[in-house]
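Engineer: Build the 3D model from these lines:
(chains A, B, C and D)
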Number of protein chains: 2
Amino acid sequence: MGNSQIKASGGNSSGPRYQELADILQTEVESEVYPVGTRMPTELELCNRFSVSRFTVREALRRMIDNGMILRRQGSGTVVVSKNPTTMFVQKLNTIDELLQYSHDTQLKVKSSSPIELDAETAQTIGGETGEAWHKIESIRYLDEKSPICWTDVFVRPEHRQLADRIGEDTTPVFMVIQKEFNVVAEEVTMDLFAGSMKEEKAWAMGVEPGSPTLVIVRRYKDKNGRIFEISVSEHPAGRFTFSVDLLRSSNVD
Amino acid sequence: MGNSQIKASGGNSSGPRYQELADILQTEVESEVYPVGTRMPTELELCNRFSVSRFTVREALRRMIDNGMILRRQGSGTVVVSKNPTTMFVQKLNTIDELLQYSHDTQLKVKSSSPIELDAETAQTIGGETGEAWHKIESIRYLDEKSPICWTDVFVRPEHRQLADRIGEDTTPVFMVIQKEFNVVAEEVTMDLFAGSMKEEKAWAMGVEPGSPTLVIVRRYKDKNGRIFEISVSEHPAGRFTFSVDLLRSSNVD
DNA sequence: AAATATAATTTGTCTGTACATCTTATCTTA
DNA sequence: TAAGATAAGATGTACAGACAAATTATATTT
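Structural biologist: Residues are numbered from 1 along each chain as shown, chains lettered A, B, ... in the order given. Sure, this is the predicted structure:
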């Protein structure tokens, strides 16, 4: 009748029961009692083994899902996918344009806009195929009239070239414009950051000596099929821009 | 006796009931029925209002916790902390040393180790107070015998200076050594990346021309009290190191 | 009036039951 | 034998009840 227990938390030692259970199961996965790739016991089996209710078992397993050790599918069962708990640090972004990290009142001015086929060097840096057809938009980002922050080359798919006109109208990031206009969603964004030196033709526009140090940031935006729909290459002269990453230890890791 | 319901999922339309409920409450938070800073109704009140069990309510609220809209404290209640669901992109790190992004077989060789008081310039770059007492460890990271990757200055608290001897013994990252030896945990890691140029005294050690471009990475490790227990400043000559960030759109955002 | 004890409130943990839904194995039939 | 229907098994959703633990409000005492 659902009221046979005497004390809810019979736990004598530390925290809640499901946490104890999660710890035990976690240890067992680590020591390969349940090797990666195999199936874990069913909920009912765990209930019997530990003499707890399904709630407690599920609560324990939920924690193991959160740190990426197991994977569950309705009807099927529970499979071990990783020996050691993943996701130790998480970077949270509150708004979508924290991705770019430029203050909201910077402005992008388009210098040129033309279709290109990737040469070997460009293909290398942006991570594409040589000869691939893209549309290249050269632009400069300004803090105000006379303060250029960075030179940015934006590469978009030829079928999206018409958005070049829209850039600079407001402060909306380019990939946001694409998302809205062409109904694609950035599921994954990859960023590469490395040091470089400014080439002559860009140097004068940025007001620095040719060959002076720059922070290069390459951003690749992928849709849900893994297809890259935008690549941007930004070159920041030394002293004008700092890229910050803030990582928090994920709380749901014990 | 706990068996009065006829159908478990009375949901006529779409998904599970708790998801519907979460959607409704989410909309209400967005439209400021429950403004940020105020308290949401109690579980029991929500149970009555929607004629559902506590399970369903808690399951709905769990989702709102996950996307950072609400915050709950036992005994107290539920407070709204954000109007719009946060965490749009999440960076997952599988292992703790993915933070450093050096392949596991690189080696750190200590050049010098001495106590210092921060001068104005150093205080600025590492984000500390001028005159503060730290222990500075100068080192170089090598891929192999003759291939230096970067110059790294590590700053640790004076009380942790003895670990300087341990560095380079194995491939364990410095902050991991501190965590083990002194029982502190890195709850937050902040990284700043920017462009710089290599100073003369370091340039010859790295085998590059003085003033050549570098990628500078400043890492700050904080414990649970927000106290910084390690700072490292790494300077990578151009072409030897790329820092990559991979962001995934968080799934639990509807 | 201030400090302390008590009660009420609210979320957290836990059990038991029941049915839904998806998956997989088994059996049946063409 | 292969395709399709059936049954069994596993996880998902949902209900109701009970006690635990933390917080807050109330009453009591000094």
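Engineer: is A:Val154 in a bridge, and if so with what?
Structural biologist: A:Val154 has these beta-bridge partners by DSSP bridges: A:Ile137, A:Ser232.
Engineer: isn't it right next to A:Val174, touching?
Structural biologist: Yes. Counting by C-beta atoms under 8 Å, A:Val174 is a contact partner of A:Val154 at 5.6 Å. C-beta coordinates here come from the backbone N, C-alpha and C atoms, glycine included.
Engineer: Which neighbours do those two have in common?
Structural biologist: Contact criterion C-beta atoms under 8 Å, 6 or more residues apart in numbering or on different chains; residues shared by A:Val154 and A:Val174: A:Ile167, A:Glu230, A:Ser232.
Engineer: give me the low-pLDDT residue ranges for the stretch 1-150 of chain A?
Structural biologist: Low-confidence segments of the stretch 1-150 of chain A, defined by pLDDT under 70: A:1-13, A:86-101, A:103-104.
Engineer: in a helix, that's where A:Ala22 is, yeah?
Structural biologist: Yes. Assessed by DSSP: H, G, I helix; E, B strand; the rest coil, A:Ala22 belongs to a helix.
Engineer: For DNA strand C, what's the nearest residue on the stretch 51-200 of chain A?
Structural biologist: For the stretch 51-200 of chain A, the residue closest to DNA strand C is A:Gly75, as judged by C-beta to the nearest atom of the strand, at 2.1 Å.
Engineer: After the one helix or strand A:Lys180 maps to, which helix or strand is next?
Structural biologist: According to DSSP states H and E, A:Lys180 maps onto helix A:174-182. The first helix or strand that comes after helix A:174-182 along the chain, using DSSP H and E, is strand A:188-197.
Engineer: now for that next one, which elements pack on it?
Structural biologist: Judged by 3 or more C-beta pairs under 8 Å, 6 or more residues apart in numbering or on different chains; DSSP states H and E, strand A:188-197 is in contact with strand A:213-222, strand B:213-222, strand B:228-237, strand B:243-249.
Engineer: Now do the buried residues in the last one.
Structural biologist: In other words, strand B:243-249. B:Phe243, B:Val245, B:Asp246, B:Leu247, B:Arg249 (16 or more other C-beta atoms under 10 Å in any protein chain shown).
Engineer: pretty sure the last one is touching A:Tyr221, no?
Structural biologist: Going back to what we said before, that points to B:Arg249. No. Taking contacts as C-beta under 8 Å, B:Arg249 lies outside contact range of A:Tyr221: 10.8 Å.
Engineer: Mutual contacts of these two, please.
Structural biologist: With contacts defined as C-beta under 8 Å, 6+ apart, the residues shared by B:Arg249 and A:Tyr221 are A:Ala186, A:Glu188.
Engineer: Report the inter-axis angle for the helix holding A:Lys180 versus strand A:228-237.
Structural biologist: Orientation check (axes from the mean of the first three to the mean of the last three C-alpha atoms, to 10 degrees): helix A:174-182 against strand A:228-237 gives 160 degrees.
Engineer: where do the helices sit along chain A?
Structural biologist: Shown for chain A, the helices assigned by DSSP state H span residues A:17-30, A:43-50, A:54-66, A:120-126, A:174-182, A:200-206.
Engineer: hmm, the longest one in reach of DNA strand D?
Structural biologist: Right, the one you point to is helix A:17-30. No. Helix A:17-30 stays clear of DNA strand D (C-beta under 7 Å from any atom of the strand), getting no nearer than 11.1 Å.
Engineer: got a list of contacts for that helix?
Structural biologist: With C-beta under 8 Å, 6+ apart, helix A:17-30 has contacts from A:9-11, A:13-14, A:34, A:36, A:40, A:46, A:50, A:52, A:56-57, A:59-61, A:63-64, A:69-70, A:80, A:83-85, A:254.
Engineer: Those residues: which ones sit near chain B?
Structural biologist: For chain B, the contacts drawn from the contacts of helix A:17-30 by C-beta under 8 Å from any C-beta of the partner chain are A:Asn84.
Engineer: filter the contacts of helix A:17-30 to the buried ones?
Structural biologist: Buried members of the contacts of helix A:17-30, scored by 16+ other C-beta under 10 Å, are A:34, A:40, A:46, A:50, A:52, A:56-57, A:59-61, A:63-64, A:69-70, A:80, A:85.
Engineer: Distance-wise, check the closest residue to A:Asn67 other than its chain neighbours relative to B:Val189.
Structural biologist: Leaving aside its sequence neighbours, A:Asn67 sits nearest to A:Pro85 (C-beta to C-beta, 6 or more residues apart in numbering or on different chains; 3.8 Å). Per C-beta to C-beta, to the nearest Å, A:Pro85 is found 18 Å from B:Val189.
Engineer: Could you do A:Arg72 as well?
Structural biologist: A:Arg72 is 31 Å from B:Val189, by C-beta to C-beta.
Engineer: Thanks a lot, catch you later.
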